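Chemist: Please work out how this folds:
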Amino acid sequence: MLKGFKCNRCGKCCYPPRLYSKDIKRIKRAGYSEESFIERSIGNIPYLREQKNGKCTFLKQNKKSSSCKIYDCRPKICRLYPTRLLNGSCEPEKLAFDSIIAKARS
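Modeler: Sure thing, here's the model as predicted:
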């Protein structure tokens, strides 16, 4: 996590990440079935499902702020966020494989 980072609950970081087996187990223990939160699009690699707006299925938004419905059992990548940010905003740095994943989902 970046030193001095303070979340403003904007939700810009909440795109569906890749899931590891421990992530899946934690979310299932919270009462969700795999079918309700997993999407497999590239090489059978599990990702969190996305909403129509491209955001994580567990992102809860209202006019003032955003929050995670599964914060206590959120995926590893979400626990480690942020490690790097794009131009000082809350938006995470785009990685090379992000565009590949987006194309595979469309």
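Chemist: ok, which stretches of this structure are strands?
Modeler: Ranges of strands within the chain are 38-42, 45-48, 59-61, 66-68, based on DSSP state E.
Chemist: residues making contact with the second one?
Modeler: Contact partners of strand 45-48, identified using C-beta atoms under 8 Å, 6 or more residues apart in numbering, comprise 16-19, 24, 37-41, 56-58, 75, 101. Quick note: C-beta positions are derived from backbone N, CA and C, even for glycine.
Chemist: Please name the nearest non-neighbouring residue to residue 23.
Modeler: Closest residue to residue 23 in three dimensions, ignoring its sequence neighbours and counting by C-beta to C-beta, 6 or more residues apart in numbering: residue 75, at 4.1 Å.
Chemist: Which residues are in contact with that neighbour?
Modeler: By C-beta under 8 Å, 6+ apart, the residues touching residue 75 are 17, 18, 19, 20, 23, 27, 48.
Chemist: Tally up the residues packed near the residue lying closest to residue 66 once chain neighbours are set aside, please.
Modeler: Using C-beta to C-beta, 6+ apart and skipping residues adjacent in sequence, the residue nearest residue 66 is residue 11, 3.1 Å away. A count of neighbours around residue 11, defined by other C-beta atoms under 10 Å, yields 19.
Chemist: what are the phi and psi values for the residue nearest the centre of the chain?
Modeler: When the chain is reduced to its mean C-alpha position, the nearest residue by C-alpha atoms, centre = their mean turns out to be residue 16, at 3.7 Å. Its backbone dihedrals place residue 16 at phi -70, psi 110, with angles given as degrees, to the nearest 10.
Chemist: That one: what's it in contact with?
Modeler: 39, 47, 48, 49, 50, 55, 56, 57.
Chemist: who does the closest residue to it other than its chain neighbours bridge with?
Modeler: In space, not counting the residues next to it along the chain, residue 16 is nearest to residue 48; the distance is 3.9 Å by C-beta to C-beta, 6+ apart. Beta-bridge pairing of residue 48, defined through DSSP bridges, involves residue 38.
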